[in-house]
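K.L.:
Provide a 3D model corresponding to the input given below.
(2 chains)
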Amino acid sequence: MKATTPRRLLLPAVLAATFAAVAPAQDLLLRASRIVVAPDTVLDDAAVLVRQGKVAYVGADIPAEARAQARLVDYGDATVVPGFVLAVTTLGRDRDLAEGALAFTPDLRAVEAFDPWQKELLGLPAHGITSLSLSPSPRNVAGGIAALVKPGARRGSVATSDLHVQWSLTQASRNQERQPTSLVGAIDMLRSALAAAKLGTSTSPDLAIMRQVQQGTRRVFVHADSFVELAAALDLAKEFGFEPVLVGAREADKVLARLVAQKAAVVLDTLQPEGRLADLTLPARLAQAGVPFAFAGAPERLRLSAALAVRHGLDRKTALAALTRTPARLLEQQATVGALRQGNAADFLVFRGDALDLGAAHVATWVDGVLLHGDLPAKANAAPSTTATGAL
Amino acid sequence: MRILRSHRVTASLCSMTLSSLALFSTAAHAQEPTTTPESTPTPADPGPGARPDETTPPRGERRGRSRRPALVIEAGTVHPVSGPAIADGVVVVRGDRIVAVGKKGEIEVPPNATVRSFPTGHVYPGLVDAASDAFTDPVLRFQGQLDGGVQLADDLNRRGDRSDELVQAGITTAFVTVRTPTLLRGQGAIVRPVGDGFQLWEGHEHAALSLRMTNGPAPSNPLQRQQELQAADGLFEGLEDYRKAATDHQEALKKYEKELADYLAWHEKKKGGAPAGDNKAAPAAPPSAPTDGERPQRAINREGRRGRGGGGGGEEPPRAPQGEPTAAEVEQALATLFAAMGPQDPPKPEPGKQEPGKQEPGKQEPQNPPKAEGQPAAEKKDEAPKRPTYPKQPPSDPQKDALLRVVDGELPLRIEAHRPDELRAALRLMRERSLPLVVLEQAYGAAGLGDEMAKQGVSVVLTELLPMPMPKQYEAFAPAALPQVLQAAGVPFAIATGDARLAGMLPLMAAAAIGRGLDADAALRAITLTPAEMLGVAKDTGSLEADKFADVLVCDRPLFASDSRVLLVLAKGRPEYEAK
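P.N.:
I've put the predicted structure just below:
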């Protein structure tokens, strides 16, 4: 995990920024009345020790000596939860993350188009997002390889450059100026590539990626919204033996049984408050069926989507998991993000109340042990004088 | 209601005339349009979605309410809004009203009462949505051709797109309007959503006039926005002339009534005082009221416009206030009298000469014509007075009538303005036109204007408080943070959905404001009592208090929790929604 160390101060709150600047270099003892290590592990009146931007110890495991030497950040009666993980995003750069002339580019890497200075990254901590999967655009049938990136104080960083491969069967992938122009054409393109990869006669990089999918060494995210698109994705998965993650999946309720049978997961678009009841209750129905799901879409609506899902029948634990642990698992990054277990990145959010109640104020966002949004609590050790003057 | 008041004056004068013609008054029936453009308030049209048996009886007519069985709601916490929350609270309802609110054990439970107990539940007053497009025509919302004279109450649909979700969400009162992209959007109405439609709130069918002073999020420059302001300001030009024409007409009517009374008295005296109604030979002729003065209702119909308050396209003659004869009755009585007296047609005027007794519009013939020079006074004394001419009705303009009501403080003006410059323009309009009641809507850029808004006494209806991507031009605004800013500045504000599809989100919107620093009590008030006050219905709803309507919302958890569920909704004491 690459820790972000700002070279100079930019945050409006000078104290917060200076404190943050030294935090990775010094152990930090985070205390709060409620710390959600993971949705099913909640510690009351607990602490977490952060060292070098990662969770070093949790709760009673913290050595007394380390506790005594660490810098205290006490959020009092607040609740600390893991940072939110945005499962799919192009950060508004669809055209840079898809090759317009070709539809089949499974070996392209989104990380190569990552701009760590992109201003959209700076706004993400305000919405609780501490890591995101920068994904190829769904304009291509086989778009390429996603990367896990993180916002920082001044610039973003790449956590992992080699995540899943992304496919798309949605309307966006069909283009009248190049093949495929239809859904059946897109399906055939993927099926042919998978079949060729299965033969193993070609060593081309794109077929190598397809082979990894078949072998189960690389996860595949498939954009599919309607019933026919979802059914086609599931057919391919069944035919070639992989467990897909379906992105969008607006009509997932029509293939619910197949999702369960094929151990598929879903990344839902963020919920619209004005949406129909059938859309708003879809998360609860997925959860009831045992289909893992996460949210992706407008960053502003990530937390709202979970709150809306709770309002429409989803239990709070699953809703919080859909923002944290589940997307981390779908990205196969549960060892680094999505929880506050030992070894995870110190990505956490502080709320005055339950994170899934909109009435709970979002107090702070920390990424890799660095405060990126909000304020330090009143009970925090004073920053060294060198940092107060901006010497760092 | 200036013209309405004027009509009442006219009706009073007519009643004076009738008092001298008492025998005719009972026989008269309206056959002709009446003499004023505006009708007196009639019992409100309950609207297409209304239940005939559910119109609100006047307070004095609530006999029998005390005999109805009481309903007692017990809950873990009762939130009256008008006071602190009550643990182990009780709300006693009888008929359509709340009888008592208090702590269990301290409130007397009537015998034979039905008790509904929610030991861990939370009870709130029915929510008040200060802006919704529920029950409105979907076409109107986006491309409707509206002006200030349009009364949306006439065009509401019993079933709107998901409008039934209002009552399921606990909303028992809503101000309905549309966000049509026109300068003036007509007059919104206050409705009471019920399980199978809505009721118009009697007396509040025309609750506010809506004005748009924004270009929206589309790119625009200050000059364009200045032109928008000028267009809005221009609406108020010429209103005083319009008012004066109406006032002059009322004066002319008064004069007419007096002259007519003199005229009739003279002829009655000449006839020997025989009551015309006793003349059995008198034909039941149609009223021969003056024909040169255009009748107001006809004039309105000819223009294809509705009269205010008619609710039915101006077809029905207006009624006089209770106890007073209508102008139509007066005319009918007079017509009967004319018939009894025989032909009295005045001589036809020579071409090019004005007919005696008639006058040009806006002018009124002197009551007593000047005496001819050298004519002995004794001869003039017995000369028949000239038959007066009905004064010509000035043109009626429902939009101007509405704007006059705004100027007079009888109708609030709701101004949609987004950016700070648009809001400043709205405040300037308020100042320069001395508008007493202004409510700002969608005031996203109000954060820096709190003091000015407080000073001018405006209220604000806040929508779009849920987190959402804002248009590029609005990225600097933080709608969810506005309630706290306005509260600190002392500006009254309500939180509203603005959209029937968001009915279930009203508590979450308030919760979002809490998340940005607003205290929970203020948030609850912003969706109950404050909007009720803004809408002028706070004496009947908005809080749980004795003698208010029994608009009650019961939830299983605190209202602002994401997983709070609506268990029961009472509207005027009647269960309109109950969770299965």
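
K.L.:
which bits of the stretch 1-150 of chain A sit near chain B?
P.N.:
residue A:127 (C-beta under 8 Å from any C-beta of the partner chain). (Glycine included, C-beta is placed from N, CA and C.)

K.L.:
Mind pulling up the pLDDT for the closest residue to residue A:277 other than its chain neighbours?
P.N.:
Spatial nearest neighbour of residue A:277, chain neighbours left out: residue A:312 (7.4 Å); criterion: C-beta to C-beta, 6 or more residues apart in numbering or on different chains. Residue A:312 is assigned 96 on the pLDDT scale.

K.L.:
wait, residue A:312 sits on residue A:287?
P.N.:
No - counting by C-beta atoms under 8 Å, residue A:312 sits too far from residue A:287 to count as a contact (11.1 Å).

K.L.:
Can you list the low-confidence ranges for chain B?
P.N.:
B:1-67, B:143-144, B:160-161, B:272-382 (pLDDT under 70).

K.L.:
Select the longest helix from it.
P.N.:
helix B:239-270 (DSSP state H).

K.L.:
the strands in the stretch 451-580 of chain B, which residues?
P.N.:
Secondary structure of the stretch 451-580 of chain B (DSSP state E, counting those that start in this stretch): strands at B:459-462, B:493-495, B:552-555, B:566-571, B:574-578.

K.L.:
okay, those strands in a markdown table with distance to chain A and mean neighbour count next?
P.N.:
Converted to a markdown table, these look like this (distance: least, C-beta to the nearest C-beta, whole Å; neighbours: other C-beta atoms under 10 Å in any protein chain shown):
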| stretch | distance to chain A | mean neighbour count |
| --- | --- | --- |
| strand B:459-462 | 15 | 26 |
| strand B:493-495 | 12 | 31 |
| strand B:552-555 | 12 | 26 |
| strand B:566-571 | 11 | 24 |
| strand B:574-578 | 15 | 17 |
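
K.L.:
Find the helix or strand that the single nearest residue of the stretch 201-350 of chain B relative to chain A is a member of.
P.N.:
Closest residue of the stretch 201-350 of chain B to chain A, C-beta to the nearest C-beta: residue B:217 (15.5 Å). Per DSSP states H and E, residue B:217 falls between elements, in no helix or strand.

K.L.:
Tell me which residues touch it, please.
P.N.:
Going by C-beta atoms under 8 Å, 6 or more residues apart in numbering or on different chains, residue B:217 touches B:418, B:471-474.

K.L.:
ok, residue 206 - how many residues close by?
P.N.:
Went with chain A since none was named. 20 (other C-beta atoms under 10 Å in any protein chain shown).

K.L.:
that's the wrong chain, I wanted chain B
P.N.:
Residues near residue B:206, counting by other C-beta under 10 Å: 23.

K.L.:
tell me which parts of the stretch 151-300 of chain A are close to chain B?
P.N.:
A:273-274, A:298, A:300.

K.L.:
Which two among those residues are spaced furthest apart?
P.N.:
A:274 and A:300 (14.7 Å; C-beta to C-beta).

K.L.:
What ranges does chain A have for its helices?
P.N.:
A:14-22, A:64-69, A:119-123, A:183-199, A:205-215, A:227-240, A:256-261, A:277-280, A:282-289, A:302-311, A:316-323, A:325-330, A:385-388.

K.L.:
okay if I get those as TSV plus distance to residue B:489?
P.N.:
Output for the helices of chain A, formatted as TSV (distance: least, C-beta to C-beta, whole Å):
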stretch	distance to residue B:489
helix A:14-22	27
helix A:64-69	45
helix A:119-123	27
helix A:183-199	56
helix A:205-215	59
helix A:227-240	51
helix A:256-261	51
helix A:277-280	35
helix A:282-289	39
helix A:302-311	27
helix A:316-323	35
helix A:325-330	41
helix A:385-388	34
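
K.L.:
Need the winner for burial among these.
P.N.:
For the helices of chain A, the largest average neighbour count (mean count of other C-beta atoms under 10 Å in any protein chain shown) is found in helix A:302-311, namely a mean of 27.

K.L.:
Please report how far the nearest residue to residue B:411 once chain neighbours are set aside lies from residue B:394.
P.N.:
Nearest residue to residue B:411, sequence neighbours excluded (C-beta to C-beta, 6+ apart): residue B:405, at 3.9 Å. Relative to residue B:394, residue B:405 is positioned 17 Å away (C-beta to C-beta, to the nearest Å).

K.L.:
now swap in residue A:43 and tell me
P.N.:
In terms of C-beta to C-beta, residue A:43 sits 78 Å off from residue B:394.

K.L.:
cool, residue B:439 as well?
P.N.:
Counting by C-beta to C-beta, the gap from residue B:439 to residue B:394 is 31 Å.

K.L.:
and residue 241, how many residues sit next to it?
P.N.:
Answering for chain A, as no chain was given. Residue A:241: 14 neighbours (other C-beta under 10 Å).

K.L.:
wait, I meant chain B there
P.N.:
Neighbours around residue B:241, by other C-beta under 10 Å: 11.

K.L.:
Pull the contacting residues for residue A:280.
P.N.:
A:271, A:308-309, A:311-312.
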